[in-house]
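> kindly return the folded structure for what I paste below:
(one chain, ligands or ions: 1)
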Amino acid sequence: MSDDTPTQLEFGWEEWVALPDLGLPALRAKVDTGARTSALHASEIEVFGPNAKPKVRFIVNPVAGDDGLAIPCSATILDRREVTSSNGEKEMRYVIGSKLTVNGQSWPIEITLTNRAGMASRMLLGRQALTEHITITATEKHLQPELSYDVYRSAGLRKTAPKRALRIAVLSREDNYSTRRLVQEGEARGHTVEVIDTTRCYMAINAMSPEVHYDGARLPRYDAVVPRIGASITPYGTAVIRQFETIGTYCVNGSTGIASSRDKLQAHQILASQKIGMPTTAFAASPKDTRNLMDLVGTAPMIVKLLESTQGKGVVLAETKKAAESVIDAFRGLRANFLVQHFVKEAAGEDIRCLVIAGKVVAAMKRTGADGDFRSNLHRGGTAKVARITRQERATAVKAAKAFGLGIAGVDLLRSEDGPKVLEVNSSPGFEGIETATGKNVVGFLYDEIETHAAPKPTRRKVRSGG
Ligand SMILES: Nc1ncnc2c1ncn2[C@@H]1O[C@H](COP(=O)(O)OP(=O)(O)OP(=O)(O)O)[C@@H](O)[C@H]1O
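This next block holds a predicted model:
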């Protein structure tokens with residue numbers, strides 16, 4: 001039956017109803033013709049979202065006497081109104097809109113949210129909801145079909161539950177394509193996405209109530225944090241993420257994974273310990289060991305790489321051992337840390353960027369260096385196009401992201417004679433190059449993962465069956 005052709009329904013003083021938009025398939029509602037607007041008993045009522053279109057999220061315990069069953073809900077706020085409750089008390093309440101379903105018929109109603117624990121009925125149906133097609137027999141109850149609270153126990157509940165709007169923080173200092181896409185895609189899905197400058201977060205570190213503050217106020221409870229931590233602020237950025245982890249916030253990439261993948265020496269050690277292919281790499285602290293270091297890597301040409309290098313700026317190709325020695329001397333003179341690496345010549349100035357999200361390669365592109373450059377970085381004038389990768393390359397990329405426990409990672413591979421060699425695992429991969437080259441909505445894949453992980457699950461404990 002549709003919303004347009006209501007058939008007559010008979011209500012007693014209490015009926016079984018459903019609010020499907022809120023993920024509440026069974027509720028007992030008391031008919032209260034003394035009240036204008038319907039009311040739903042909700043706790044943890046919290047406003048979020050843009051000022052122009054604020055939302056509210058809250059918890060409903062649909063079964064009276066069973067607070068173990070908690071359903072997280074969210075809705076757009078229609079109004080905020082003063083309501084006088086049955087005991088005469090005035091209260092400011094948020095008003096939301098939702099569909100009310102009874103016996104296969106649905107119609108839109110307004111609902112105020114109120115947190116009054118101990119109320120036997122979880123819902124009151126006011127006059128506004130009791131439209132013309134309803135007749136009321138106040139001396140009877142349950143004139144409409146009975147629903148069962150068992151639905152809250154069914155495995156399908158999470159699948160059928162409406163997607164709850166999430167509040168997400170993107171930790172980023174840059175207003176670039178990647179940040180903008182994260183905001184745009186999240187908002188298109190109905191979430192609220194706030195961009196937070198990582199370096200402006202400050203923290204009270206104490207055992208009882210870990211918090212993150214920003215611009216004079218404590219940051220709210222986020223459903224998910226997407227770290228986009230630039231290399232120059234890794235230590236502080238990872239400290240901020242650790243704080244969110246302590247609070248229990250879901251972080252797409254954890255502080256440990258970001259820190260260890262950033263530290264080139266540690267990253268190579270972790271990759272090696274997982275038997276993941278990578279170019280032979282050596283490092284030493286003392287100038288006395290320069291020759292031995294080069295011998296470990298093999299014959300020239302070889303790569304000398306600054307540990308702090310990004311965008312290929314500190315990557316040098318030394319054609320001879322003599323040239324490598326001069327570069328190493330120069331780096332040492334500048335007190336710069338570096339590593340020496342076998343030059344994978346057959347890669348011929350190309351590398352493969354695999355974007356791994358939640359253990360899957362969701363997109364891959366081949367980057368080719370500008371004419372005559374062995375470095376394929378797009379920042380150095382390289383070009384990118386979609387890549388077809390082999391099963392071995394796919395497995396290597398997935399394994400590399402997993403080695404650092406990263407939910408999202410850009411894994412760079414070189415195609416060598418003996419299989420893929422991982423160059424680096426990037427915990428804040430850019431989206432522009434890969435979305436342009438592959439035409440894929442990579443950020444969408446990331447939100448799929450966030451929605452799966454961060455959407456609060458209905459808790460089901462000791463549910464009494466209804467009746
Ligand atoms: N061992 C190697 N053999 C062949 N080519 C290499 C090797 N190491 C680096 N390259 C080339 O140089 C480019 C830059 O190297 P790498 O990614 O290690 O530098 P980076 O400065 O850390 O860059 P990023 O900004 O990606 O972190 C690579 O994309 C690759 O094309």
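> does the residue nearest to Met119 when sequence neighbours are not counted have beta-bridge partners, and which?
Leaving aside its sequence neighbours, Met119 sits nearest to His41 (C-beta to C-beta, 6 or more residues apart in numbering; 5.3 Å). Just so you know, the C-beta spots here come from the backbone N, C-alpha and C atoms, and that holds for glycine as well. Bridge pairing for His41 (DSSP bridges) gives the partners Thr114.
> would you map out the domains in this protein?
9-160, 167-251, 280-343, 347-452 (automatic domain parsing).
> among these, which is the most enclosed?
domain 347-452 (a mean of 19; mean count of other C-beta atoms under 10 Å).
> about what we covered before: Throw the domains of the chain into CSV and include distance to Arg262 and mean pLDDT, thanks.
Formatted as CSV, the domains of the chain follow (distance: least, C-beta to C-beta, whole Å; pLDDT from 0 to 100):
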stretch, distance to Arg262, mean pLDDT
domain 9-160, 32, 88
domain 167-251, 5, 88
domain 280-343, 10, 88
domain 347-452, 7, 94
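> Gly433 in helix, strand or coil?
Secondary structure state of Gly433, per DSSP: H, G, I helix; E, B strand; the rest coil, is helix.
> related to what we said a few turns ago, can the domains of the chain go into a markdown table with extra columns for distance to the ligand?
Listed next are those as a markdown table, based on distance: least, C-beta to the nearest ligand atom, whole Å:
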| stretch | distance to the ligand |
| --- | --- |
| domain 9-160 | 34 |
| domain 167-251 | 8 |
| domain 280-343 | 3 |
| domain 347-452 | 4 |
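> need those in CSV with distance to Gln274, can you?
As requested, the domains of the chain are arranged in CSV below (distance: least, C-beta to C-beta, whole Å):
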stretch, distance to Gln274
domain 9-160, 33
domain 167-251, 21
domain 280-343, 14
domain 347-452, 5
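> nearest to Leu265, of the ones you listed?
Comparing the domains of the chain against Leu265 with C-beta to C-beta, the closest turns out to be domain 280-343 (6.0 Å).
> just the terminal-to-terminal distance for that closest one.
End-to-end distance for domain 280-343, by C-alpha to C-alpha, to the nearest Å: 9 Å.
> coming back round to it: closest to Lys264 out of the domains of the chain?
Comparison of these against Lys264 by C-beta to C-beta identifies domain 280-343 as nearest, at 4.8 Å.
> circling back: tell me if I'm right that the residue nearest to Met119 and Arg122 touch.
Yes: His41 lies in contact with Arg122 (C-beta atoms under 8 Å); the separation is 5.1 Å.
> overlap of the contact sets of these two?
Common neighbours of His41 and Arg122, counting by C-beta atoms under 8 Å, 6 or more residues apart in numbering, are 60-61.
> which residues touch the residue nearest to Met119?
Neighbour list for His41: 60-61, 114-117, 119, 121-123 [criterion: C-beta under 8 Å, 6+ apart].
> now Gly372: phi and psi?
Main-chain dihedrals, Gly372, degrees, to the nearest 10: phi 80, psi 0.
> try the one 10 residues further on
Backbone torsions for Gly382, taken as degrees, to the nearest 10, come to phi -70, psi 160.
> please apply the same query to Thr37.
phi -100, psi 150.
> tell me the contacts of it?
Neighbouring residues of Thr37 by C-beta under 8 Å, 6+ apart: 81, 83, 95, 110-112, 126, 128-129.
> just Ala169 next, same as before
Going by C-beta under 8 Å, 6+ apart, Ala169 touches 193-196, 219, 222, 224-226.
> could you redo the last one with a cut-off of 10 Å?
192-196, 198, 201, 212, 214, 219-220, 222-227, 244, 249, 251 (C-beta atoms under 10 Å, 6 or more residues apart in numbering).
> re the thing from before, and the contacts of Thr37, which two are the farthest apart?
Largest pairwise distance in the contacts of Thr37, by C-beta to C-beta, is 15.3 Å, between Arg81 and Ala129.
> separation between Ala42 and Lys421?
Applying C-beta to C-beta, to the nearest Å, the value for Ala42 to Lys421 is 55 Å.
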